[in-house]
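>>> I would like the atomic coordinates for the input below:
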Amino acid sequence: MKKILSGLALLSLSFAAPVSATAQSSLEGKWTNPKRNVVIDVDRCAGNSYCGKVVWASKKADDKVEGPLVGKQLMSGFRPDGRGGYRGRVYEPKRKLSGNATIRQEGSNTLVVKGCALAGLICKTQRWYRAG
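Take a look at the predicted model:
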């Protein structure tokens, strides 16, 4: 029964209504990646744009990158795209790649982050979750 309810909950997220202005404003805060080994703090950084810096990383995640992971800016210049999401730049420290990205919220506790590098040849989508 738990599996059925969990499946229905996930299915309902995929049909979520467009994000309202109230939900968009909740972009600020702490978010964790799917492996829950990195936490970033998203905050306003210039005008109406958002940036995100690492505020916590597991030892294993930290060991995979050059230099300390805490303090690295992974998101920069995210501005509303006029369609309920945001566009900006992301940095992937493990591969030392930067690229364009989009973020959209699914409810108040899930971010869908899609980043592309090398002129769109390499793209990755992840779901990040509100931390804490």
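>>> just give me the neighbour total for residue 63.
9 (other C-beta atoms under 10 Å). Any C-beta I mention is one placed from the backbone N, CA and C, and that applies to glycine too.
>>> so where's this protein shaky on pLDDT?
1-25 (pLDDT under 70).
>>> hmm, 90 instead?
1-27, 46-48, 66-67, 92, 94-99, 108, 115-124, 132 (pLDDT under 90).
>>> that one: helices as residue ranges?
Taking DSSP state H as the test, the helices found in the chain are 2-14, 21-25, 59-63.
>>> spatially nearest residue to residue 62 (excluding sequence neighbours)?
Spatial nearest neighbour of residue 62, chain neighbours left out: residue 69 (4.6 Å); criterion: C-beta to C-beta, 6 or more residues apart in numbering.
>>> dump the residue contacts of the one you found.
38, 54, 57, 61, 62, 93 (C-beta atoms under 8 Å, 6 or more residues apart in numbering).
>>> need the contact list for the residue nearest to residue 95 when sequence neighbours are not counted.
With C-beta to C-beta, 6+ apart as the criterion, residue 95 has its nearest non-adjacent residue at 8.0 Å, and that residue is residue 117. The contact partners of residue 117, by C-beta under 8 Å, 6+ apart, come to 92, 95, 97, 98, 99, 123.
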